[in-house]
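In: Show me the folded form of this:
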Amino acid sequence: MPFLFFAIYPLAEIAAFILVGEAIGVLATLGLIVISSALGLIMLRDAGIMTALRLQRKAANPALILAEGGSRMLAGLLLVIPGFLTDLAALAILVRPLRVFLLGRLLKGALVREAPIAPDKTGPRPAPKSIDGDFRRIDP
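Out: Just a heads-up that it's a prediction; the model follows:
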């Protein structure tokens, strides 16, 4: 099945180039490809920065933040790849309801709440709590 996809995909992309080129012209077609690649590069850069900032702020579940950022990075990567079919796939990922649906399917088992750590000798132990403070030695 993957071999069939990789055999048919380039042919479909060439057909899309021909159809779009006939409809809007060669220069406009090339312009669209350059613009979509530039937008993809910008999206890749911004998605990485925004994901890092959201993780630092701890605004939500880290798995959701990473999944959201990863999906935006995937959309940016698809925009960088020249072709109209990859651009359509990127736009489909950027549509919020579809992205939420796909992430929900992918992360179905990953978003299970963590169980508390049992105090047995087999599992990892929680780190001891520490208190920061200053001290001063007073000699008599």
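In: Tell me the helices and strands packed up against the helix or strand harbouring residue 47.
Out: Element membership for residue 47, per DSSP states H and E: helix 26-57. Packed against helix 26-57, as judged by 3 or more CB pairs under 8 Å, 6 or more residues apart in numbering; DSSP states H and E, are the following elements: helix 2-24, helix 62-80, helix 84-94. In this view, the C-beta of every residue, glycine as well, is placed from N, C-alpha and C.
In: mind putting these in CSV, mean pLDDT and mean neighbour count included?
Out: Below are the helices and strands packed on helix 26-57 laid out as CSV (pLDDT from 0 to 100; neighbours: other CB atoms under 10 Å):
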stretch, mean pLDDT, mean neighbour count
helix 2-24, 90, 11
helix 62-80, 88, 18
helix 84-94, 92, 17
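In: quick one: which of those is nearest residue 103?
Out: The closest approach between residue 103 and any of these, judged by CB to CB, belongs to helix 62-80 at 5.0 Å.
In: re the thing from before, which stretch among the helices and strands packed on helix 26-57 comes nearest residue 138?
Out: Distances from residue 138 to each of these were compared by CB to CB, and the smallest falls on helix 62-80, at 45.1 Å.
In: Give the other helices and strands that that closest one contacts.
Out: For helix 62-80, where contacts count as 3+ CB pairs under 8 Å, 6+ apart, the packed elements are helix 26-57, helix 84-94, helix 96-106.
In: which one of the ones you listed is the most hemmed in?
Out: By mean neighbour count, with neighbours taken as mean count of other CB atoms under 10 Å, helix 84-94 ranks first of the helices and strands packed on helix 62-80 at a mean of 17.
In: List the contacts of that one.
Out: For helix 84-94, contacts defined as CB atoms under 8 Å, 6 or more residues apart in numbering pick out 9, 12-13, 16-17, 20, 32, 36, 40, 71-72, 74-76, 78-79, 98-99, 102.
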